[in-house]
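Undergrad: fold the stuff below for me.
(6 chains)
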Number of protein chains: 4
Amino acid sequence: MPRTAKQFEEIRSERREAILSAALHVFSEEGYHHASISKVSKEAGVSKGLMYNYFQSKEELLELLIGSLLDEETKVVHELMEEKFTADTFIRLVQMGTNILRKNPKKWKLYLNMSSHPSVIPIIQKKFTPERQLFAENLLAFFTAQGYQDPAIQMQYFSITMTGFKFQYIMDPDNFPVFEMETKIIQQFIKEDYVSNRNNKSL
Amino acid sequence: MPRTAKQFEEIRSERREAILSAALHVFSEEGYHHASISKVSKEAGVSKGLMYNYFQSKEELLELLIGSLLDEETKVVHELMEEKFTADTFIRLVQMGTNILRKNPKKWKLYLNMSSHPSVIPIIQKKFTPERQLFAENLLAFFTAQGYQDPAIQMQYFSITMTGFKFQYIMDPDNFPVFEMETKIIQQFIKEDYVSNRNNKSL
Amino acid sequence: MPRTAKQFEEIRSERREAILSAALHVFSEEGYHHASISKVSKEAGVSKGLMYNYFQSKEELLELLIGSLLDEETKVVHELMEEKFTADTFIRLVQMGTNILRKNPKKWKLYLNMSSHPSVIPIIQKKFTPERQLFAENLLAFFTAQGYQDPAIQMQYFSITMTGFKFQYIMDPDNFPVFEMETKIIQQFIKEDYVSNRNNKSL
Amino acid sequence: MPRTAKQFEEIRSERREAILSAALHVFSEEGYHHASISKVSKEAGVSKGLMYNYFQSKEELLELLIGSLLDEETKVVHELMEEKFTADTFIRLVQMGTNILRKNPKKWKLYLNMSSHPSVIPIIQKKFTPERQLFAENLLAFFTAQGYQDPAIQMQYFSITMTGFKFQYIMDPDNFPVFEMETKIIQQFIKEDYVSNRNNKSL
DNA sequence: TATGAATGAGTTTTCATTCAT
DNA sequence: TATGAATGAAAACTCATTCAT
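TA: Reported below is the predicted structural model:
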């Protein structure tokens, strides 16, 4: 008697996740190019051939992993969009950014290493949804409201700060002072004493 | 007439440079892993075999390129060390940082892409010389003198800013507002009107 | 209510046909080697595993398809054997040959492509039944009666003509002038005005 | 001391031929798809890797082999074009056709097996040069001059005859009566006693 | 009987490195 | 010193076939 459709679905779903998870681990550990499908399959406890039953290619694995990171970000943006953009929203933006980072350092490592890879660029572009665009405009409006003469510059400056934050965290997660930097960033970009006892919040 | 030893030495030296330069070009264009020695040798106008007369391996090329970037930085540090560390020194630090970046975007691209590569990490560690260590202490002292409560945090914060700056510049050199960001950074970390007509200086 | 044995038998028989038909389609479309069992099973609306309940291997599918083509031919031979071999028989031989071809171009394509395949050769030999042998002798006698000095040569010559006919038809069925060539062949090998308004017959 | 450019050229040329020859042998023996590069390289006495120093891909080998067959044919056509097209030209056309066939049965086997392969079709089209087109027109004119009512049909009929000839020869070179068939064809299409003691010529 | 997940041997291809000259 | 032909190990990927359910 064959398995039911649902059973098959479950098996597929579990295996998919197992493979993606193994791929993430191996890719981030050894770098995408140096990592071999063979190693990923071993890590996933699966035959090499089966990988291709679930995914088209090594590249597709990369694209899905990067895509899922961007989707997580989009979800955060979505949440933040539900309220009026205040200083508090900004704070939560930073906090949620670092939270995502801490929750999935491997994915970020992969992302930062591969973000200029030809097959990743289109993913990034595709995932820059209208919603994210709108959020960016809100952020710009926020900086404008904060009284910056050149809010676009301010926004880019914020962007490089966050990028550097992520890059350095990823390079040495154990020694990087996440909370201190998070607090520092918030102080820098809000310039008020907004920021009290927030270390617990950010967990 | 046989060439003198000196002439030989010159030829060797030129060849070395040609190969390294070709390697840098190809590595940064195609990514280290995807780049082939064959292409590098063609680009350098040298046979594949001869490459191995000059360098041990592909990896060595990478290590030398990264090393030379760090050496350039060290040289800058060395220059800056010759004076007392003032706000002006800090400004020049930032400016020289961006200058190096703009002068050698390929090397930086390679550096940022490969900085977590197993054979690069030891290079970075080795190049963190006592002199750089001393400079770091001076910088820390500078931030202390500027009145920051936690100068170490401030220094790390400065570091992530510079990292993000470099990362984003490398990602899209043509559209990145180098000067505006440079000015912004200086303003942020000095908070004075120190910064006048410096666009020309920074060229 | 359980199905009767006969119903089971019917289902099995239908499935067999469906699979063979799908195999023919896919094999002729993509070429035997490039065609995948997976695609055949999908096309047949049957699971991959079940295919192996009906057939031993991919090769067996090929062999059965080729075999069935030869069987069809044998059937035609059988029909033609029921009468005395006259010029009219010869004409019908040619016509039925082209009819089979037009009725089953895919099978012929497969046949012509695979006729030198190691597993197909024995099939062809096995299907060269005594009956066909006898028919060949009758054909030879016919050519002899037609007054050819060397009827064996004439027969081989007829054979290459039919082969070329099939090959070129298969290569480009839409543009090949089937009827004109059929008429031409008949004229060539009968040399009489035997051949009147036969286009309708051959449909 | 390195080899001279000429020496390298010689090595390359020899190896190229060796590989092409091995490929032809293995492809025609086992069929293009079933043949493996590994086997071709073994047959050529060369490492697998070296194959790719000389050729881009397995497909390129196929294309070159097919192309060279068509080039040989074109050369024959070129020779025949240098004279006025007479019955004698036609005879030599047939003879040279069979000569090419007998000289290179493996190539023809490959050609007939692969002529519908996606990567071969464009080769065939590309090699159908204006010169060949012109020759075809001459042949048509020849048939017209011979008094055929429908010379186009006659030409196509000639074409299928030659195709069938080649196909059957290739299927069983040892038992196929080449000369008899060649003579037969010439007789069929010339219908004169043109054709005397020509077996020696055709060698 | 029926499913499709799973396997593994086989394929083509790449490329850093070596080596004969 | 200099060349590029040659190697071989490893890579990504395919697919007929098996097997647990």
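Undergrad: so what's A:T86 closest to, chain neighbours aside?
TA: Spatial nearest neighbour of A:T86, excluding adjacent residues (C-beta to C-beta, 6 or more residues apart in numbering or on different chains): A:F142 at 8.0 Å. No exception for glycine: its C-beta is placed from N, CA and C like everyone else's.
Undergrad: what's the burial count for the one you found?
TA: When neighbours are defined as other C-beta atoms under 10 Å in any protein chain shown, A:F142 has 21 of them.
Undergrad: so it is in which element?
TA: Element membership for A:F142 (DSSP states H and E) is helix A:130-145.
Undergrad: ok, residues contacting that helix?
TA: Helix A:130-145 has contacts (C-beta atoms under 8 Å, 6 or more residues apart in numbering or on different chains) with A:73-74, A:77-78, A:80-81, A:85-87, A:89-90, A:93, A:151-152, A:154-155, A:158.
Undergrad: show me the shaky parts of chain A.
TA: A:191-203 (pLDDT under 70).
Undergrad: domains for it, by residue range?
TA: Annotated domains of chain A cover A:1-56, A:59-202 [automatic domain parsing].
Undergrad: quick one, which of those domains gets closest to DNA strand F.
TA: domain A:1-56 (3.1 Å; C-beta to the nearest atom of the strand).
Undergrad: check which helix or strand covers A:E10.
TA: Going by DSSP H and E, A:E10 is in helix A:5-30.
Undergrad: near DNA strand F, anything from the helix or strand just after that helix?
TA: Using DSSP H and E, the helix or strand that follows helix A:5-30 towards the C-terminus is helix A:37-44. Yes. Using C-beta under 7 Å from any atom of the strand, helix A:37-44 reaches DNA strand F at A:37-38.
Undergrad: do stretch A:93-112 as well
TA: No. Against DNA strand F, stretch A:93-112 shows no contacts by C-beta under 7 Å from any atom of the strand, the least distance being 14.5 Å.
Undergrad: need the residues that contact that stretch.
TA: Contacts for stretch A:93-112 (C-beta under 8 Å, 6+ apart): A:24-25, A:27-29, A:32, A:62, A:65-66, A:68-69, A:72-73, A:76, A:79-80, A:139, A:162, A:165-167, A:169-170, A:173, A:178, A:182, A:185-186, A:189, A:198, A:201-202, B:116, B:167.
Undergrad: between the two ends of it, how far is it?
TA: 20 Å (C-alpha to C-alpha, to the nearest Å).
Undergrad: so how far is it off the chain centroid?
TA: Chain-centre distance of stretch A:93-112: 5 Å, with C-alpha atoms, centre = their mean, to the nearest Å.
Undergrad: A:L70: neighbouring residues, count only.
TA: A:L70 has 18 nearby residues by other C-beta under 10 Å.
Undergrad: ok, for it, nearest residue in space, not its chain neighbours?
TA: Nearest residue to A:L70, sequence neighbours excluded (C-beta to C-beta, 6+ apart): A:K127, at 3.9 Å.
Undergrad: gap between that neighbour and A:N113?
TA: Going from A:K127 to A:N113 by C-beta to C-beta, to the nearest Å gives 18 Å.
Undergrad: so those two - more neighbours on which side?
TA: Higher neighbour count among A:K127 and A:N113: A:N113, with 22 against 16, using other C-beta under 10 Å.
Undergrad: can you name the next helix or strand after the host helix or strand of that one?
TA: A:N113 is part of helix A:105-114 when elements are defined by DSSP H and E. Heading C-terminal from helix A:105-114, the first helix or strand you meet, by DSSP H and E, is helix A:121-127.
Undergrad: not counting its neighbours along the chain, what's nearest the closest residue to chain B within chain A?
TA: Minimum separation of chain A from chain B (C-beta to the nearest C-beta) falls at A:G164, amounting to 2.9 Å. Spatially, and ignoring its direct neighbours in sequence, A:G164 is nearest to B:G164 (2.9 Å; C-beta to C-beta, 6+ apart).
Undergrad: against A:S41, how distant is the closest residue to DNA strand E within chain A?
TA: Closest residue of chain A to DNA strand E, C-beta to the nearest atom of the strand: A:G49 (1.6 Å). Relative to A:S41, A:G49 is positioned 8 Å away (C-beta to C-beta).
Undergrad: have a look at these two and say which one is more surrounded.
TA: Comparing A:G49 with A:S41 by other C-beta under 10 Å, the one with more neighbours is A:S41, at 20 against 8.
Undergrad: shouldn't A:R92 be in contact with A:E82?
TA: No. In this structure A:R92 lies outside contact range of A:E82 using C-beta atoms under 8 Å: 11.3 Å.
Undergrad: out of these two, which sits in the busier spot?
TA: The neighbour comparison of A:R92 against A:E82 (other C-beta under 10 Å) goes to A:R92, with 20 against 7.
Undergrad: tell me how far the helix or strand hosting that one is from the chain's mean position?
TA: Per DSSP H and E, A:R92 falls inside helix A:87-103. In this view, helix A:87-103 has its centroid 12 Å away from the chain centroid, taken as C-alpha atoms, centre = their mean.
Undergrad: quick one: secondary structure of the residue nearest the centre of chain A?
TA: Closest residue to the average C-alpha location of chain A: A:L69 at 3.9 Å, with C-alpha atoms, centre = their mean. Recorded secondary structure, A:L69: helix (DSSP: H, G, I helix; E, B strand; the rest coil).
Undergrad: what sits closest to it if chain neighbours are left out?
TA: What sits nearest to A:L69 in space, not counting adjacent residues and going by C-beta to C-beta, 6+ apart, is A:K107, at 4.7 Å.
Undergrad: ok, and the closest non-adjacent residue to A:F165?
TA: Closest to A:F165 by C-beta to C-beta, 6+ apart is B:I160, at 4.9 Å.
Undergrad: who are the neighbours in contact with that neighbour?
TA: A:161, A:164-165, A:167-168, A:181.
Undergrad: which of those sit farthest apart?
TA: Greatest spatial distance in the contacts of B:I160: A:F167 and A:M181, 11.8 Å, computed using C-beta to C-beta.
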